[in-house]
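> Give the three-dimensional model of this entry:
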Amino acid sequence: MNRIKSISQKILSFWALALLLFPLNLLAQTPPATMADKFRADGKIYIVILVIITIFIGIIVYLFSLERKIKRLEREHNK
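As a prediction, this is how the structure comes out:
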């Protein structure tokens, strides 16, 4: 009985490992990103980068201003 349980555990672990590794094989065969290549060829990649940087800077400025407001409210509350 113990031997059968051991064999079934080995079979189960083999199939679990096979099912976990199967998607890795599919991901390795994905084609390259053609949209990025097209943007780079057209020179539009710089616009995309500029928009991303602008959004990132906007978020940082918003967080800093929010932090200043919170500090001011905490000071007023502690007085």
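
> remind me, longest helix of this structure?
Counting residues, the longest helix found in the chain (DSSP state H) is helix 45-78.

> quick one: average confidence on that one?
Averaged over helix 45-78, pLDDT sits at 94.

> mind listing what's buried in that helix?
By 16 or more other Cβ atoms under 10 Å, helix 45-78 has no buried positions at all. Yep, even glycine has a C-beta here, placed from its N, CA and C like the rest.

> Who are the packing partners of that helix?
helix 34-42 (3 or more Cβ pairs under 8 Å, 6 or more residues apart in numbering; DSSP states H and E).

> so how far is the helix it packs on off the chain centroid?
Centroid separation for helix 34-42 versus its chain: 22 Å, with Cα atoms, centre = their mean, to the nearest Å.

> Let me know the angle separating it from helix 45-78.
Angle between the axes of helix 34-42 and helix 45-78 is 110 degrees (criterion: axes from the mean of the first three to the mean of the last three Cα atoms, to 10 degrees).

> Now do the closest residue to residue 45 other than its chain neighbours, the pLDDT please.
In this structure, residue 45 finds its nearest non-sequential neighbour in residue 39, 4.3 Å apart by Cβ to Cβ, 6 or more residues apart in numbering. We have a pLDDT of 76 for residue 39.

> Can you tell me how far residue 39 is from residue 54?
Residue 39 sits 17 Å away from residue 54, going by Cβ to Cβ, to the nearest Å.
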